[in-house]
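**Student:** sequence unknown, structure follows:
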């Protein structure tokens, strides 16, 4: 039976005992929540947010508990830059296990990052397993129009990588501009709001 904090924070194992995903742990229970699952590192997909108390609270709790904390940046409505994805995969590699991937609601960016974690760790043979991270149940991934690119990224990446490891393809060939054209050619130009590195891009909070 799942605990109340697990339900409240949309917690699920991505790879049991190795990588998990969740929403932002508000309400002051972050320390016990992390301890209950033996989490040794947190990958924050919302980026550094020094203006917000949740970020300072998260940094303080993890530091006091000796838990590694990695700030990466994703925006569920804007196509990521190459560097953003490189940083995410680097965090996967550097983070002590078990690690926790978290965003705000644990629904959209966490689905995307968790799917990439599976492909990064297991290769393209795990494509179907990775795709399940976008399920409405139990992950509550119900993307709005401009968030539909998230799941399609996996298909695009597999087509473009031609069997190469995800990290190799991202570092060598991925650009948001190319993905934008791919989406538009398929009639999915409204499945994203823009490119993350364009002026006026929203923060990843």
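**Tutor:** All right, it came through fine. Quick caveat: nothing in here was measured; it's all calculated off a predicted structure.
**Student:** would you list every one of the strands in this structure?
**Tutor:** Under the criterion DSSP state E, the chain contains strands at 12-15, 19-22, 41-44, 68-71, 78-79, 99-102, 194-195.
**Student:** While we're on the spatially closest residue to residue 68 that is not a sequence neighbour, how confident is the model there?
**Tutor:** Closest residue to residue 68 apart from its sequence neighbours, by Cβ to Cβ, 6 or more residues apart in numbering: residue 41 at 3.9 Å. C-betas here are computed from N, CA, C, even on glycine. If you check residue 41, the pLDDT there is 98.
**Student:** Correct me if wrong: residue 41 contacts residue 67.
**Tutor:** Yes. Counting by Cβ atoms under 8 Å, residue 41 does reach residue 67; the two are 6.1 Å apart.
**Student:** among the strands of the chain, which is the most enclosed?
**Tutor:** Most buried of the strands of the chain, by mean neighbour count (mean count of other Cβ atoms under 10 Å): strand 99-102, with a mean of 27.
**Student:** Pipe the strands of the chain into JSON lines and attach distance to residue 154 per row.
**Tutor:** Formatted as JSON lines, the strands of the chain follow (distance: least, Cβ to Cβ, whole Å):
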{"stretch": "strand 12-15", "distance to residue 154": "14"}
{"stretch": "strand 19-22", "distance to residue 154": "16"}
{"stretch": "strand 41-44", "distance to residue 154": "19"}
{"stretch": "strand 68-71", "distance to residue 154": "22"}
{"stretch": "strand 78-79", "distance to residue 154": "14"}
{"stretch": "strand 99-102", "distance to residue 154": "16"}
{"stretch": "strand 194-195", "distance to residue 154": "19"}
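**Student:** Nearest the geometric middle of the protein, what residue?
**Tutor:** residue 113 (2.7 Å; Cα atoms, centre = their mean).
**Student:** Next one: that residue, what pLDDT does it get?
**Tutor:** 98.
**Student:** got the contact list for it?
**Tutor:** Residue 113 is in contact with 21, 43, 45, 74, 88, 101, 103, counting by Cβ atoms under 8 Å, 6 or more residues apart in numbering.
**Student:** at 10 Å instead, please
**Tutor:** Residues counted as contacts of residue 113 (Cβ atoms under 10 Å, 6 or more residues apart in numbering) are 14, 19, 21, 43, 45, 72, 74, 85, 88-89, 91-92, 101-103, 120, 133, 150.
**Student:** How about residue 155?
**Tutor:** Shown in contact with residue 155 (Cβ under 10 Å, 6+ apart): 127, 131, 182, 186.
**Student:** For residue 53, state which of the residues you listed is nearest.
**Tutor:** residue 131 (35.6 Å; Cβ to Cβ).
**Student:** ok, that closest one - how many residues close by?
**Tutor:** Residues near residue 131, counting by other Cβ atoms under 10 Å, number 16.
**Student:** so what's it closest to, chain neighbours aside?
**Tutor:** Per Cβ to Cβ, 6+ apart, closest to residue 131 is residue 154, 6.1 Å.
**Student:** List the residues that contact residue 55.
**Tutor:** Applying Cβ under 10 Å, 6+ apart to residue 55 gives the contacts 24, 44, 46-49, 69, 71, 205.
**Student:** one more time with 6 Å
**Tutor:** Residues near residue 55 by Cβ atoms under 6 Å, 6 or more residues apart in numbering: residue 49.
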